[in-house]
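Enquirer: pasting the sequence and the predicted coordinates here, then a few questions.
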Amino acid sequence: MWKAGGAVAAQGGTLDQVIQAAQKAIDNTRSIGIGLSACTIPAVGKANFTIKHGEMEVGIGHHGEPGVSVQAVVPARDMARLMLDKLLPDLPFTRGDKVAVLLSGLGATPLMEQYILYADVADGLREAGLQVAHSFVGNLFTSLEMMGVTLTLMRLDAQLDQCLAAPCDSIGLRQGGQP
């Protein structure tokens, strides 16, 4: 949403055009998080929920909200399948769609583990007949020191594809040449 709206603004779009691009991005995006540990909310001084060792919360929120289900931790390939099984039918994404993938660590997940999971997500997307046009992997949208990841998929049309390819230079993302 921010990248799409920002690209339209950088190209001289009107406020209405920026809002339309951002809303289109929202409408074509689905996301799910898996937490392996809770985070400490600074204002509270402690976690507002706990995740037992060997368990994971599926559907966690970035602000420390617990997930919608708890289950045993699974290998990366199974975690990728679990997330894709929730996301793909929700839009729904269909065979032939071009997509952008954002796999973000939640703050304490090593980058290497994020890339291992991304490889499994990319395999699953190929199996589903989806083409990855843009991929972003890293600690891009974190939740303090939470261990876990979020997977975000955006179905692209020509405008969203162009917006995500546009250069940008921000605190959270630097891409391409001169913005």
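Expert: Received the coordinates, thanks. Numbers count the residues shown, from 1 in each chain.
Enquirer: quick one: mean pLDDT over the longest helix anywhere in the chain.
Expert: Longest helix in the chain, counting residues (DSSP state H): helix 111-127. Per-residue pLDDT values across helix 111-127 average out to 98.
Enquirer: do the same with stretch 7-14
Expert: Across stretch 7-14, the average pLDDT comes to 97.
Enquirer: can you list the buried residues in it?
Expert: Buried residues in stretch 7-14, counted by 16 or more other CB atoms under 10 Å: 7-8, 13. The way it works is simple: take the backbone N, C-alpha and C, and place the C-beta from them, glycine included.
Enquirer: got the residues you listed as TSV, with secondary structure and distance to residue 106 columns?
Expert: Listed next are those as TSV, based on DSSP: H, G, I helix; E, B strand; the rest coil; distance: CB to CB, whole Å:
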residue	secondary structure	distance to residue 106
7	helix	26
8	helix	29
13	coil	32
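Enquirer: can you list those residues in JSON lines and add distance to residue 21?
Expert: Listed next are the buried residues of stretch 7-14 as JSON lines, based on distance: CB to CB, whole Å:
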{"residue": "7", "distance to residue 21": "7"}
{"residue": "8", "distance to residue 21": "4"}
{"residue": "13", "distance to residue 21": "7"}
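Enquirer: closest one of these to residue 66?
Expert: residue 7 (34.6 Å; CB to CB).
Enquirer: touching, that closest one and residue 163? I think so.
Expert: Yes. Using CB atoms under 8 Å, residue 7 is in contact with residue 163, at 3.8 Å.
Enquirer: which residues do those two both contact?
Expert: residue 21 (CB atoms under 8 Å, 6 or more residues apart in numbering).
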